[in-house]
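>>> Generate a structure from the sequence data that follows.
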Amino acid sequence: MRIAIIVGSTRPGRNAEVVANWVHAHAAQRTDATFELVDIAEYNLPLLDEPFPPAMGKYTKPHTLAWAAKIASFDGFVFVTPEYNHSTPAGLKNAIDFLNSEWRNKAAGFVGYGSVGGTRAVEHLRLIMGELQVADVRAQVALSLFTDWENFSKFNPGPQHASSLSTMFDQVVAWSRALAPLRTG
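Residues are numbered from 1 along each chain as shown. Here you go, the predicted structure:
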């Protein structure tokens, strides 16, 4: 199984990169799947600029074709997302909206962060995943800017998060494996 750890913020000075690296460091200790960091900022996706709806799969732009190929190569996803204004960051939502079938019949887990652990951003992502036929797993990691950062600037997650992260990985890998026949059928 190939699982993408998606860095869900494109903002300069973002915390998503350090959180995603922490997630990836834990994932690298596992042997049940291969985990890869995927940073949406590296794809320089403009606001959705394809002339056809993504459900048609008629991508015309080089950036969309590269993004589609990358996402299609995975069996599941772990989204690392901050919470902006009680929701998902615009850059992440835009990156998701560029594609359709590349997401389908895969599993997703979530690592959120913010003043209340990014839970509202994750809640919105769960709704989006449902529409794309992505099976979102129950376990998630909720990191607080108040307790998992020193002075709101240095990431220092509590040790209890390692267990939640492991459970979330277990579920994403199991569901990705279970959904494999739907992807190949």
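>>> which helices and strands sit right next to the top helix by length along the chain?
In terms of residue count, the longest helix belonging to the chain (DSSP state H) is helix 160-184. Applying 3 or more C-beta pairs under 8 Å, 6 or more residues apart in numbering; DSSP states H and E, one finds that helix 160-184 makes contact with strand 2-7, helix 16-27, strand 76-82, strand 107-114, strand 135-144. (Each C-beta comes from the backbone N, C-alpha and C, glycine too.)
>>> switch the cut-off to 6 Å
Contacting helix 160-184 under the criterion 3 or more C-beta pairs under 6 Å, 6 or more residues apart in numbering; DSSP states H and E are the following elements: strand 107-114, strand 135-144.
>>> Residues in contact with that helix: which ones?
For helix 160-184, the external contacting residues (C-beta atoms under 6 Å, 6 or more residues apart in numbering) are 1, 26, 32-33, 75-76, 105, 107, 109, 135, 137, 139-141.
>>> Dump the residues you listed to JSON lines, plus pLDDT, neighbour count and distance to Lys93.
Output for the contacts of helix 160-184, formatted as JSON lines (pLDDT from 0 to 100; neighbours: other C-beta atoms under 10 Å; distance: C-beta to C-beta, whole Å):
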{"residue": "Met1", "pLDDT": "97", "neighbour count": "18", "distance to Lys93": "26"}
{"residue": "His26", "pLDDT": "98", "neighbour count": "17", "distance to Lys93": "26"}
{"residue": "Asp32", "pLDDT": "98", "neighbour count": "14", "distance to Lys93": "30"}
{"residue": "Ala33", "pLDDT": "98", "neighbour count": "17", "distance to Lys93": "26"}
{"residue": "Asp75", "pLDDT": "98", "neighbour count": "21", "distance to Lys93": "22"}
{"residue": "Gly76", "pLDDT": "98", "neighbour count": "27", "distance to Lys93": "19"}
{"residue": "Asn105", "pLDDT": "98", "neighbour count": "18", "distance to Lys93": "21"}
{"residue": "Ala107", "pLDDT": "98", "neighbour count": "25", "distance to Lys93": "19"}
{"residue": "Gly109", "pLDDT": "98", "neighbour count": "29", "distance to Lys93": "18"}
{"residue": "Ala135", "pLDDT": "98", "neighbour count": "18", "distance to Lys93": "19"}
{"residue": "Val137", "pLDDT": "98", "neighbour count": "22", "distance to Lys93": "20"}
{"residue": "Ala139", "pLDDT": "97", "neighbour count": "16", "distance to Lys93": "23"}
{"residue": "Gln140", "pLDDT": "97", "neighbour count": "24", "distance to Lys93": "18"}
{"residue": "Val141", "pLDDT": "98", "neighbour count": "30", "distance to Lys93": "20"}
